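Visitor: I'll drop the sequence and a predicted model, then ask my questions.
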Amino acid sequence: MEEIDAGQPAEGQAKIRHTAVGVNFIDTYHRSGLYPIPLPGGLGSEGAGVVEAVGPGVTHVRVGDRVAYAGGPPGSYAEVRVMPADRLVNIPDGISDKSAAAMMLKA
């Protein structure tokens, strides 16, 4: 493991601080090497968290929003990540971050 700075979001990206992450079969395949991923890289495909920053052009989420996602580049196991904002959906009140992270991908 290595500490890296997530950086700031560019055009169309958002910075997320994870509060919960999902785990499914593809994650075990990545960890075992069955489906290799480029290194250095991150693991995890689903997550939920709080938006810490948004890049230019991002209008559907804003700083402080609770969001969840599935898919996109691996990296949900990180504490903080920058990712494409078009993958993010707002979490409605009444749904916990843990439930949102778990339900984004049916496996």
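Guide: Good, I have the coordinates.

Visitor: Okay, strands next: where are they in the protein?
Guide: Assigned by DSSP state E, the strands in the chain fall at 13-21, 46-54, 66-70, 80-84, 89-90.

Visitor: Relative to residue 74, how far out is the residue sitting furthest away from the middle of the chain?
Guide: Relative to the centre of the chain, and counting by Cα atoms, centre = their mean, the farthest-placed residue is residue 34 at 22.1 Å. The gap separating residue 34 from residue 74 is 14 Å, by Cβ to Cβ, to the nearest Å. C-betas here are computed from N, CA, C, even on glycine.

Visitor: which regions of this structure lie under the pLDDT threshold?
Guide: 106-107 (pLDDT under 70).

Visitor: could you pull out the helices for the protein?
Guide: In order along the chain, the chain carries the following helices (DSSP state H): 25-32, 97-103.

Visitor: How far does the shortest one sit from its chain's centre?
Guide: Read it as helix 97-103. Centre-to-centre, helix 97-103 and its host chain are 12 Å apart (Cα atoms, centre = their mean, to the nearest Å).

Visitor: Same question for stretch 51-69.
Guide: How far stretch 51-69 lies from its chain's middle: 12 Å, per Cα atoms, centre = their mean.

Visitor: one step back: ok, which of the helices of the chain comes nearest residue 15?
Guide: helix 97-103 (16.5 Å; Cβ to Cβ).
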